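Undergrad: next come a sequence and a model predicted from it.
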Amino acid sequence: MGKGYFITGIDTNIGKTYVTTQLIACLQRKGIDAVPYKPVQSGTVNLNDQMIGEDVAFYKEKLKLSEDFSYYNTYTLKTPVSPHLASKLENVFIDEHVILEKYKQLEEKHDVILVEGAGGIAVPIKENFGTIDLIKLLNLPVMIVTTLKLGTINHTLLTTEYLKSHNIDVKGLIINNVPSNLSEMEKDNLVMIGKLTGHEILGMIPKQKDFFTDKELFEMQELMEKK
């Protein structure tokens with residue numbers, strides 16, 4: 001039976017897919033059978049005349065994944081908007097129990113499953129069912145992707161407080177897109193988001209380039225075992 005973690009972010013386009021992929025790559029390099037799972041994808045790319053969820057396409061491009069695209073994604077919606085609207089526009093019914101069943105299958109087959117959400121923590125997946133409800137249904141702890149840019153204190157604190165209000169287990173924060181030399185604001189943001197949220201900074205990922213060595217990233221296996 002594998003372990004699952006839910007990856008969310010303080011905003012859309014914060015780098016959840018990039019971080020998820022980096023973490024999976026780190027685990028795979030350690031010989032751990034880890035896979036990503038994107039339950040609902042809004043937005044596609046055309047690969048060989050096939051419309052593929054853009055995040056899943058990124059997984060497949062960067063990671064050693066043996067299964068077809070559909071293995072890592074349950075609902076693929078073409079319209080790059082919130083899932084509740086995309087599914088309405090495309091007349092697609094999203095069944096959360098189908099997602100749960102798929103997750104259970106992955107849990108049976110793999111050591112670690114990183115479930116990537118769509119957008120931020122309060123994004124609705126369909127009417128009367130949002131990302132927070134999906135996390136509860138899957139019963140997963142959460143890792144939050146954040147940054148050090150202006151506005152991060154507000155967005156990060158709001159995200160952690162929202163999760164807290166729903167009694168969700170937060171494992172900590174992963175800071176993405178970290179510059180090599182921090183400004184005074186970024187140094188202060190690093191201190192303040194840890195202090196105000198009360199959550200551990202699990203790791204910091206440098207500004208996007210290609211994939212890093214284990215030393216340049218952080219010991220993901222230890223991260224998984226320390227909680």
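TA: Sure thing, it's come through.
Undergrad: where does this protein dip in pLDDT?
TA: Within the chain, the stretches with pLDDT under 70 are 208-227.
Undergrad: which residue of it lies farthest from its centroid?
TA: Largest separation from the mean C-alpha position in the chain: Glu184, at 28.2 Å (Cα atoms, centre = their mean).
Undergrad: let me see the contact set for that residue.
TA: Under the criterion of Cβ atoms under 8 Å, 6 or more residues apart in numbering, Glu184 has no contact partners. C-beta: built from backbone N, CA, C; applies to glycine.
Undergrad: what is the helix or strand containing Tyr59 packed up against?
TA: Per DSSP states H and E: Tyr59 is located in helix 54-62. Judged by 3 or more Cβ pairs under 8 Å, 6 or more residues apart in numbering; DSSP states H and E, the packing partners of helix 54-62 are helix 16-29, strand 34-42, strand 44-47, strand 73-77.
Undergrad: what residues does that helix touch?
TA: 17-18, 20-21, 24-25, 36, 38, 41, 43-45, 47, 52, 65, 69, 72-73, 76, 116, 211.
Undergrad: can you turn the buried part of those into a ChimeraX selection?
TA: This is the ChimeraX syntax for the buried subset of those, where burial follows 16 or more other Cβ atoms under 10 Å:
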select :17,18,20,21,24,25,36,38,41,44,52,65,69,72,73,76,116
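Undergrad: send the alpha carbons of the helix holding Tyr59 over as CSV?
TA: What follows is helix 54-62, C-alpha atoms only, in CSV (Å, rounded to 0.1, in the frame of the first residue of the first chain):
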residue,chain,number,x,y,z
GLU,A,54,-1.0,19.7,-20.6
ASP,A,55,0.2,18.8,-17.1
VAL,A,56,0.2,15.1,-17.9
ALA,A,57,2.1,15.8,-21.1
PHE,A,58,4.7,17.5,-19.0
TYR,A,59,4.9,14.5,-16.6
LYS,A,60,5.4,12.1,-19.5
GLU,A,61,8.0,14.3,-21.1
LYS,A,62,10.2,14.7,-18.0
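Undergrad: between strand 73-77 and that helix, find me the angle.
TA: Interaxial angle, helix 54-62 versus strand 73-77 (axes from the mean of the first three to the mean of the last three Cα atoms, to 10 degrees): 130 degrees.
Undergrad: quick check: closest non-adjacent residue to Val56.
TA: Asn73 (4.5 Å; Cβ to Cβ, 6 or more residues apart in numbering).
Undergrad: wait, isn't that neighbour in contact with Gly43?
TA: No - the criterion here is Cβ atoms under 8 Å, and Asn73 misses it with Gly43 at 11.5 Å.
Undergrad: give the residues shared as contacts by the two.
TA: With Cβ under 8 Å, 6+ apart as the test, Asn73 and Gly43 both reach Gly53, Asp55.
Undergrad: without its sequence neighbours, what residue ends up closest to Ile205?
TA: Nearest to Ile205 is Asn176, by Cβ to Cβ, 6+ apart, at 5.0 Å.
Undergrad: now swap in Gly119 and tell me
TA: Thr12 (4.4 Å).
Undergrad: tell me the contacts of the one you found?
TA: Gly119, Gly120, Val123 are the contacts of Thr12 under Cβ under 8 Å, 6+ apart.
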